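Participant: The sequence and its predicted three-dimensional model are supplied below.
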Amino acid sequence: MSQSETRTRIKPVDELKEPILYRVVYINDHQTSMDFVVESLITHFNYTTETATQITVDIHKTGSAIVAVLPYEIAEHKGIEITMLARAHNYPLQIKLEPESTN
């Protein structure tokens, strides 16, 4: 009797895909103070005071603005963290995550 040897062929994965990025979008409301929004942009997204102020004005004028584009886990974490901080200050600030288009 002869013994047969079985070998499993494993095809290596050569191609790694970049993670899908998500837009972090602030939604305007009439109760959250502009100072709070500016401070959250400086603290959580490392914007300068001037840039954070301009983004806040854009949010106020247009109703919303993309404040960052990040991998999902980071975007979600920042969204939750800022929402909790807003609620602690009795602000109804809403933050939405949208997938970045892959076109």
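Facilitator: That came through fine. Numbers count the residues shown, from 1 in each chain.
Participant: The chain: strands as residue ranges?
Facilitator: 21-27, 64-71, 94-99 (DSSP state E).
Participant: With respect to burial, which of the ones you listed scores highest?
Facilitator: Sort those by mean neighbour count, taking mean count of other Cβ atoms under 10 Å, and strand 21-27 sits at the top with a mean of 19. (Each C-beta comes from the backbone N, C-alpha and C, glycine too.)
Participant: Neighbouring strands - and their directions - for it?
Facilitator: strand 64-71 (antiparallel), strand 94-99 (antiparallel) (DSSP bridges).
Participant: Out of these, flag the one nearest residue 6.
Facilitator: strand 64-71 (40.6 Å; Cβ to Cβ).
Participant: Might you calculate how far that closest one sits from the centre of the chain?
Facilitator: 6 Å (Cα atoms, centre = their mean, to the nearest Å).
Participant: Stretch 82-91 now?
Facilitator: Worked out by Cα atoms, centre = their mean, stretch 82-91 lies 17 Å from the chain centre.
Participant: Equivalent analysis for stretch 38-49, please.
Facilitator: That offset, for stretch 38-49, works out to 14 Å (Cα atoms, centre = their mean).
Participant: Report the mean confidence score over stretch 8-15.
Facilitator: If you average the pLDDT over stretch 8-15, you get 75.
Participant: All the helices of the chain, residue numbers only.
Facilitator: 34-45, 49-62, 72-88 (DSSP state H).
Participant: possible to save the strands paired with strand 21-27 as TSV with mean pLDDT and distance to residue 28?
Facilitator: Formatted as TSV, the strands paired with strand 21-27 follow (pLDDT from 0 to 100; distance: least, Cβ to Cβ, whole Å):
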stretch	mean pLDDT	distance to residue 28
strand 64-71	97	6
strand 94-99	97	9
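Participant: Take those strands and write them to CSV, including distance to residue 47.
Facilitator: Formatted as CSV, the strands paired with strand 21-27 follow (distance: least, Cβ to Cβ, whole Å):
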stretch, distance to residue 47
strand 64-71, 8
strand 94-99, 15
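Participant: Leaving out sequence neighbours, find the closest residue to the residue nearest to the spatial centre of the chain.
Facilitator: Compute the mean C-alpha point of the chain, and by Cα atoms, centre = their mean the closest residue is residue 75, 2.5 Å away. Of all residues not flanking residue 75 in the chain, residue 22 sits nearest, at 4.2 Å (Cβ to Cβ, 6 or more residues apart in numbering).
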